[in-house]
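Colleague: sequence first, predicted model second:
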Amino acid sequence: MDNKRPLETEIRNLLKLDQQDLERELVGAVSLDEDFLASLNLPITEPSQPVNQAFASLHFSERIQRVKAALADGLKKNRNRLYDLICVKFKYCDQKGGDEVKVLGSILGGLMGHSVILVAYPHLWPLPIVIVYLYKNGFFDKLCECPKKK
């Protein structure tokens, strides 16, 4: 059985989403990662309150703002490693403009194959939603300082 097909389909479907729907998917995905949620310093109303409940109690705009800030922090801390893997080894700038699904699948595979990258939020890096979100928001272009195509 080919394991790439479901991943390609998932990436393709995520690429079709508009920004608002993509953010909803991202919030939904991270809400399942208790370690990530614990890093958000959520307002806990009672000592036994689960972090996912505290996260769910926030207004959506607050949830996405906290997720974006935490992702940005993790990306900043791992910038050099990400640059070496995505920009130097994978040659993202040369690959972009090709089949988006294959490019993002390769990035995802590269991240999963290099556990050193997974230091910040190890459960999130292998999620296609995170990679598609970063791609659609220009993270990889900025990271690699790709020249603008004419």
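Modeller: Looks like it came in fine.
Colleague: when you work out contacts or count neighbours from here on, use the C-alpha atoms and nothing else.
Modeller: Will do.
Colleague: Val67 contacts Ala29, correct?
Modeller: No: Val67 is beyond contact range of Ala29, at 10.5 Å (criterion: Cα atoms under 8 Å).
Colleague: settle it for me: which of those two has more neighbours?
Modeller: Shown here are Val67 and Ala29; by other Cα atoms under 10 Å, Val67 has more neighbours (21 against 15).
Colleague: give the contact list for the more buried one.
Modeller: By Cα atoms under 8 Å, 6 or more residues apart in numbering, the contact list for Val67 reads Val27, Val30, Leu40.
Colleague: show the buried residues in those.
Modeller: Val27, Val30 (16 or more other Cα atoms under 10 Å).
Colleague: now, which of the contacts of Val67 sits nearest Gly138?
Modeller: Nearest to Gly138 out of those is Val27 (Cα to Cα; 18.8 Å).
Colleague: local confidence estimate at Ile44?
Modeller: Ile44 is assigned a pLDDT of 79 by the prediction.
Colleague: which element is it on?
Modeller: Using DSSP states H and E, Ile44 is not contained in any helix or strand.
Colleague: mind listing what it touches?
Modeller: By Cα under 8 Å, 6+ apart, Ile44 lies in contact with Val51, Ala54.
Colleague: give me phi/psi at it?
Modeller: The phi and psi values for Ile44, taken as degrees, to the nearest 10, are phi -90, psi 120.
Colleague: got any ranges where the chain has weak pLDDT?
Modeller: 1-4, 114-126, 149-150 (pLDDT under 70).
Colleague: which stretches in it count as helices?
Modeller: 4-15, 19-30, 34-38, 51-56, 60-77, 79-82, 92-95, 100-113, 128-136, 139-144 (DSSP state H).
Colleague: deepest of these, which one?
Modeller: helix 128-136 (a mean of 20; mean count of other Cα atoms under 10 Å).
Colleague: and that helix, what does it pack against?
Modeller: Applying 3 or more Cα pairs under 8 Å, 6 or more residues apart in numbering; DSSP states H and E, we find helix 128-136 packed against helix 4-15, helix 19-30, helix 100-113.
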